[in-house]
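# turn this into a structure:
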Amino acid sequence: MNYSRPHAADGSPPDLEPQRQVGILLFDGVEELDAIGPWEVLSTWTQQHPEDGWNTFCFSPDGGPVHSAKTLLIGAHHSIDDAPALDVLIHPGGPGTRPMLNDPGHLDWIRRLRATVPLMTSVCTGSLVYAAAGLLIGRKATTHWASLNLLSELDPTIITDVSSRFVDDGDLITSAGVSAGIDMALHLVARLANAARTQEIRRTIQYTQPHVDRRAR
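Got it, this is the predicted structure:
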């Protein structure tokens with residue numbers, strides 16, 4: 001899927017077009033780096049290069065701050081109800097995902113988003129929520145190493161990748177645990193902008209972990 005912005009007939013960048021939106025979900029019990037790692041990458045990109053036409057924000061169920069897995073209080077820019085329409089969702093993991101696996105309201109919300117959001121992504125055990133909502137039927141996916149068995153139990157049809165840092169399966173991207181969300185976010189910059197942007201952002205945040213495209217085949 002091509003997410004690049006169209007240019008005018010003379011090749012100049014478009015003016016006054018609505019920004020496309022990347023939303024990072026926050027919730028009580030979210031693993032800190034699952035959310036903050038992608039935020040560091042994506043906000044660096046979107047704030048340094050507004051001409052690319054993307055914005056990154058965080059949102060929580062009620063718009064208020066959340067108590068994360070290790071007690072860090074994290075603020076949100078929006079609530080679910082007043083957040084801009086999403087082009088990309090990032091669903092982090094953490095112990096707060098466990099109640100979601102049996103929360104009909106949250107799972108129904110995820111299913112509704114699937115119908116309107118072009119690209120759904122997850123970090124760590126966020127993929128368990130996608131599995132519980134039925135988004136990963138017959139798809140290739142990954143999660144935190146300690147939850148790989150649970151991912152398969154939630155949906156035995158999932159082609160579980162036990163070794164990749166992230167798995168790009170087209171309109172669904174899942175990453176392994178915690179720090180792997182940074183790799184996934186850098187991959188997102190490459191998909192939504194270009195590889196040169198990725199290298200620039202990697203240098204800016206001084207992240208030298210080798211980046212490998214694990215696109216599903």
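
# got any ranges where this structure has weak pLDDT?
For the chain, the stretches with pLDDT under 70 are 1-17, 209-217.

# ok, now with 90
Residues of the chain that meet the criterion pLDDT under 90 lie in 1-18, 208-217.

# from the contact counts, what lies against the longest helix along it?
The longest helix of the chain (DSSP state H) is helix 32-48. Helices and strands touching helix 32-48, by 3 or more Cβ pairs under 8 Å, 6 or more residues apart in numbering; DSSP states H and E, are strand 20-25, strand 54-60, strand 73-74, helix 180-192, helix 195-204. C-betas here are computed from N, CA, C, even on glycine.

# Ala133: which of those is closest?
Closest approach to Ala133 among the helices and strands packed on helix 32-48 (Cβ to Cβ): strand 20-25, 13.2 Å.

# what angle do the closest one and helix 32-48 make?
Here strand 20-25 points in a direction 160 degrees away from that of helix 32-48 (axes from the mean of the first three to the mean of the last three Cα atoms, to 10 degrees).

# my guess is Met120 contacts Leu89. True?
Yes. The pair Met120 / Leu89 is scored as a contact, 5.2 Å apart, by Cβ atoms under 8 Å.

# any residues in contact with both of these two?
Contact criterion Cβ atoms under 8 Å, 6 or more residues apart in numbering; residues shared by Met120 and Leu89: Leu113.

# so for Arg111, which of the helices and strands packed on helix 32-48 sits nearest?
When the helices and strands packed on helix 32-48 are compared by Cβ to Cβ, strand 20-25 sits nearest Arg111, at 14.7 Å.

# which elements pack onto that closest one?
Secondary-structure packing of strand 20-25 (3+ Cβ pairs under 8 Å, 6+ apart): helix 32-48, strand 54-60, strand 88-91, helix 180-192.

# and that strand, how far out from the chain's middle?
On the basis of Cα atoms, centre = their mean, to the nearest Å, strand 20-25 sits 8 Å off its chain's mean C-alpha point.

# list the contacts of that strand.
Residues outside strand 20-25 that contact it (Cβ under 8 Å, 6+ apart) are 3, 5, 35, 38-39, 42, 46, 53-60, 78, 83-92, 188, 192.

# which parts of it are buried?
Judged by neighbour count using 16 or more other Cβ atoms under 10 Å, the buried positions of strand 20-25 are Arg20, Gln21, Val22, Gly23, Ile24, Leu25.

# and stretch 88-97, by the same measure?
Val88, Leu89, Ile90, His91, Pro92, Gly93, Gly94, Gly96, Thr97.

# of these, which is the nearest to Thr143?
Within the buried residues of stretch 88-97, proximity to Thr143 (Cβ to Cβ) peaks at Gly93, which comes in at 7.4 Å.

# any idea how far the residue nearest to Ile173 when sequence neighbours are not counted lies from Glu153?
Distance criterion Cβ to Cβ, 6 or more residues apart in numbering; nearest residue to Ile173, sequence neighbours excluded, is Thr121 at 4.2 Å. Using Cβ to Cβ, to the nearest Å, Thr121 is found at 22 Å from Glu153.
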